[in-house]
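[1] Can you look at this prediction? I've put the sequence above it.
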Amino acid sequence: MSTIAPTRSRRPIYEGTRIPSPIPTVLKTTDELWATGDVLTVNFGPNHPSTHGVLRLIVDLYGEDVTGLEAVIGYLHTGFEKTMEQKTWWKCITYPERIDYVSFQNNEYVFVAAVERLLELEIPPKAIWMRTLLNELNRIHSHLVWLGTSALELGAISMFWYAFRERDQILDLSELVTGYRMHTRYFQVGGLAEDIPRGFYPEARKFCDWMPHAIDDYETLLTRNKIWLERTEGLGLLSAADAIALGQSGPVLRASGVDWDLRKRQPYLAYHQVDFDVPVFPQGDVYARYRVHMEEMRQSVRIVEQCLDRLENMEGEPWIADDRKVVLPPRHELHTSMESLIHHFKIVTEGFSVPEGEVYTAIESPRGELGCYVCSDGGPKPWRVKFRAPSYVALQATATCMTDALIADMIAIVGSLDTVMGEVDR
Amino acid sequence: MALDKPLRDMGLKSERLLMPTKASKFEEEVADLEQKVGLTTLAKAVAWAQTNSMWPDTFGLACCAIEMMSIVSARYDIARFGMEPFRGSPRQADLLIVSGRVSHKMAAPLRQIYDQMLEPKWVIAMGACASSGGMFNNYAIVQSVDKIVAVDMYVPGCPPRPEQLMEGIIRLHEAVKAGVPPAYELRSVAS
Amino acid sequence: MSLDATPGFVELSQAHGEETVVVDPSALIEAATFLRDEEGFNFLSDITPVDYLTWGERSVSGYIGTTGGRDLNTPMTQGYQAVPAAKPKRFAVNYHLLSISDEPRRVRLQVWLEDDEAVDTMIPVWPTADWHEREAWDLMGIRFEGHPNLKRILLDDDWEGHPLRKDYPLGGEPVRFSGEE
């Protein structure tokens, strides 16, 4: 595991803890400031160009200093968990994608992985490698959307167009494989829904050859840019101990100096078979989180290339498990085998059942630890599904990061936590 | 009585009809209006100006917002229609693209934003969730945003491709150029 | 595993590669502090409340038998109707813990509650529990003693009821089709 050499920062991460008390997630203006009569409470409402979705922040301002902060969420609460309890296991798979709508493939995977653990299904290698590849492409996609929108908010408006140019290339790949740009519903319980089409490998190679140049372009624009450094260095400090106490994971945790990535520590899919580094930066500020995101994009391209190397030698292998109680049989068998016909009929009409049990599966989504708790009563529908959303937890850290922040810094800090409100509100 | 000639001849070129002589449902609805549809030269000029710079409001809620952002990107380029300045303030916006699922908690801010927009204003319900509640028929989601605001154009999809959204926008432009009044004059809110 | 030494220990079960420690609710704070300090579980991933009302009231057929499929040595296990074993109380609150260290481990800390029982807040042990507990209160109606800010978080402040409970309906509306007026 390597760490990329850290740059110098102006202030060290603080001593002690900055978690507010008694409520860890609410920053309260002190009484002395209230007594001055100059504190203004501003509503940073659910409809705002810079809040990454429908987040409402109630901010107390003393001049331009942010002295009090409370986040109000729930404007996108969709009732995913309750709705999924009413759908059969197969139909449920369309729902998790829409929770974190920027990294949809990872969401799909975590639910499918949890169900497969309950079923104790053996997944064929081709599906494992393709899932890894699509998850990593999705990671790049998510970081590009983050980069485009965060830079846009801080004033680097042209980054939006550059980032979305590459993002469209990724969505082209996604459309090539799955038929749809976003919310592909390509992962099936047991493997993949369809085989990988032939034109995919050369297109993906082209993308992998181009992407490092694109990341170089972005870094040329931002990494050594004086204005970017002024606006992001030393802001939103979060120490390692505070980050762990607040449940942070993913880039926020790695930017606070904690070397923790579930892909390396508790590997799933094919991550233990690929070579990649995990960027860790010790400064704990917005700039460190930016560097972590950029490096992760590079490492994801490395992983995608290695997956392509393996997948190109796997032509003709099965892409889904063979358990006919759960997985549809291949169509040509329906003409000849009565058992296959019955299995097909039962799975399509009634759906399969998952044995009784409960399981918690966690993966490293682009935002952090994405967990899915599934409880089954042995029936055709889930009993309880709960998603541990990393953005939900990341928003809890806004109050802690907001010490000595101006209102313009608040935008940078909330943006750097990389929150997606669909995930927060579920 | 409201229409002298079919909508196709009034500028709605994208109305695809299987039987050119039979009116579509939209055309029937427009024909039912009391006042005459059709524009004087001055009104035509005003409508041309309105459609060529119809500025949207940043009302991205969920997944559809990401696809709405991508129509601003260079590949799908909404700027050729004059619509790339997404205004942050509803007072400066003409078009509200409700992109994403509207929860009951968000319904009040949505109505407030809609009320803060100045007339003439148009609403596009983008995606399945805004058009009808989508796949979320439950306690949390308002089943169609036309229960809260008057909708001019529904764009189906989950999420709709950028080209699909642009088709919706172009049809809206054609309707405006043909003289169809904005939805708040035709109906208040759906029941 | 020295998880047996957890204060208030009731039972330890293992399934699907995971361990679940069931603990008495009255000893929850000591158990949590023990797990954080002695066992090294410094990271609280998630708090998941589950409602087991009507558990086991529908008999389920299908993939019961063995997880590997039909057991050929036990005839007639395919499609065997089975009722899952009853649960001790109505609600279970699961705390998913992780130790961020060189030897990562996960454990699930579980307590069982009846409808009106409350459980101690975990904020003194893991501050991240704040919003998780608020969500558990909001959606499932589980009260947390000592929580400084137990208000609704995801739903409107004046919402009545707790939607994720099994006796709360899904809601929604019947779908209208344009053909029928």
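    Sure, I can see it.

[2] Now do residue A:261 against residue A:292, distance only.
    As defined by C-beta to C-beta, to the nearest Å, residue A:261 lies at a distance of 10 Å from residue A:292. (Glycine included, C-beta is placed from N, CA and C.)

[3] Wait, residue C:134 touches residue C:148, no?
    No. Look at residue C:134 against residue C:148 with C-beta atoms under 8 Å: they stay out of range, at 10.4 Å.

[4] Settle it for me: which of those two has more neighbours?
    Taking other C-beta atoms under 10 Å in any protein chain shown, residue C:134 and residue C:148 do not tie; residue C:134 has more neighbours (20 against 13).

[5] which non-adjacent residue is nearest that one?
    The shortest distance from residue C:134 to any non-neighbouring residue, by C-beta to C-beta, 6 or more residues apart in numbering or on different chains, is to residue C:153 (4.3 Å).

[6] Counting neighbours, what do you get for the one you found?
    26.

[7] Buried ones in the helix or strand hosting residue A:137, by neighbour count?
    Using DSSP states H and E, residue A:137 maps to helix A:125-154. By 16 or more other C-beta atoms under 10 Å in any protein chain shown, the buried positions in helix A:125-154 come out as A:125-154.

[8] Stretch A:318-337 now?
    Buried-residue list, stretch A:318-337, by 16+ other C-beta under 10 Å: A:318, A:319, A:320, A:321, A:323, A:324, A:325, A:326, A:327, A:328, A:329.

[9] Format those residues as JSON lines; extra columns: secondary structure, distance to chain B and pLDDT.
    JSON lines is the format used below for these (DSSP: H, G, I helix; E, B strand; the rest coil; distance: C-beta to the nearest C-beta, whole Å; pLDDT from 0 to 100):
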{"residue": "A:318", "secondary structure": "coil", "distance to chain B": "30", "pLDDT": "87"}
{"residue": "A:319", "secondary structure": "coil", "distance to chain B": "25", "pLDDT": "87"}
{"residue": "A:320", "secondary structure": "strand", "distance to chain B": "24", "pLDDT": "87"}
{"residue": "A:321", "secondary structure": "coil", "distance to chain B": "27", "pLDDT": "86"}
{"residue": "A:323", "secondary structure": "coil", "distance to chain B": "27", "pLDDT": "81"}
{"residue": "A:324", "secondary structure": "coil", "distance to chain B": "28", "pLDDT": "80"}
{"residue": "A:325", "secondary structure": "coil", "distance to chain B": "26", "pLDDT": "81"}
{"residue": "A:326", "secondary structure": "coil", "distance to chain B": "23", "pLDDT": "85"}
{"residue": "A:327", "secondary structure": "coil", "distance to chain B": "24", "pLDDT": "87"}
{"residue": "A:328", "secondary structure": "coil", "distance to chain B": "22", "pLDDT": "87"}
{"residue": "A:329", "secondary structure": "coil", "distance to chain B": "27", "pLDDT": "86"}
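
[10] Quickly check these for the two that are furthest apart.
    Distance extremes for these: the farthest pair is A:319 and A:325 at 18.1 Å, using C-beta to C-beta.

[11] And residue 119, what's its pLDDT?
    By default, I'm working from chain A. For residue A:119, the pLDDT comes out at 87.

[12] Chain B, not that one
    pLDDT, residue B:119: 85.

[13] I'd like to check which residues are in contact with it.
    Applying C-beta atoms under 8 Å, 6 or more residues apart in numbering or on different chains to residue B:119 gives the contacts B:182, B:184.

[14] Go again with 7 Å.
    Not one residue lies near residue B:119 by C-beta atoms under 7 Å, 6 or more residues apart in numbering or on different chains.

[15] Check residue B:132 too.
    Contacts of residue B:132 (C-beta under 7 Å, 6+ apart): B:143, B:144.

[16] gap between it and chain A?
    15 Å (C-beta to the nearest C-beta, to the nearest Å).

[17] Distance check, the residue nearest to residue B:154 when sequence neighbours are not counted against residue C:16.
    For residue B:154, ignoring the flanking residues on the chain, the nearest one in space by C-beta to C-beta, 6+ apart is residue B:131 at 4.3 Å. Separation of residue B:131 from residue C:16 (C-beta to C-beta): 41 Å.

[18] of those two, who's got more company?
    residue B:131 (22 against 16).

[19] What residues does that one make contact with?
    Per C-beta under 7 Å, 6+ apart, neighbours of residue B:131: B:125, B:144, B:154, B:156.

[20] Which strand or helix spans the residue nearest the centre of chain B?
    The centre of chain B sits closest to residue B:124, judged by C-alpha atoms, centre = their mean, with a distance of 3.0 Å. Using DSSP H and E, residue B:124 falls within strand B:122-126.

[21] Could you list the buried residues of that strand?
    For strand B:122-126, the neighbour count (16+ other C-beta under 10 Å) marks B:122, B:123, B:124, B:125, B:126 as buried.

[22] again with stretch C:152-169
    Result for stretch C:152-169 [16+ other C-beta under 10 Å]: buried residues C:152, C:153, C:154, C:155, C:159, C:162, C:163, C:164, C:165, C:168.

[23] For chain B, which segments count as helices?
    Assigned by DSSP state H, chain B shows helices spanning B:25-31, B:41-52, B:63-70, B:104-116, B:127-132, B:162-178, B:183-186.

[24] and those helices as CSV, adding mean pLDDT?
    CSV is the format used below for the helices of chain B (pLDDT from 0 to 100):
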stretch, mean pLDDT
helix B:25-31, 70
helix B:41-52, 86
helix B:63-70, 89
helix B:104-116, 91
helix B:127-132, 90
helix B:162-178, 88
helix B:183-186, 81
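
[25] a markdown table please, covering those and showing distance to residue A:405.
    Formatted as a markdown table, the helices of chain B follow (distance: least, C-beta to C-beta, whole Å):
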| stretch | distance to residue A:405 |
| --- | --- |
| helix B:25-31 | 51 |
| helix B:41-52 | 42 |
| helix B:63-70 | 26 |
| helix B:104-116 | 25 |
| helix B:127-132 | 35 |
| helix B:162-178 | 36 |
| helix B:183-186 | 41 |
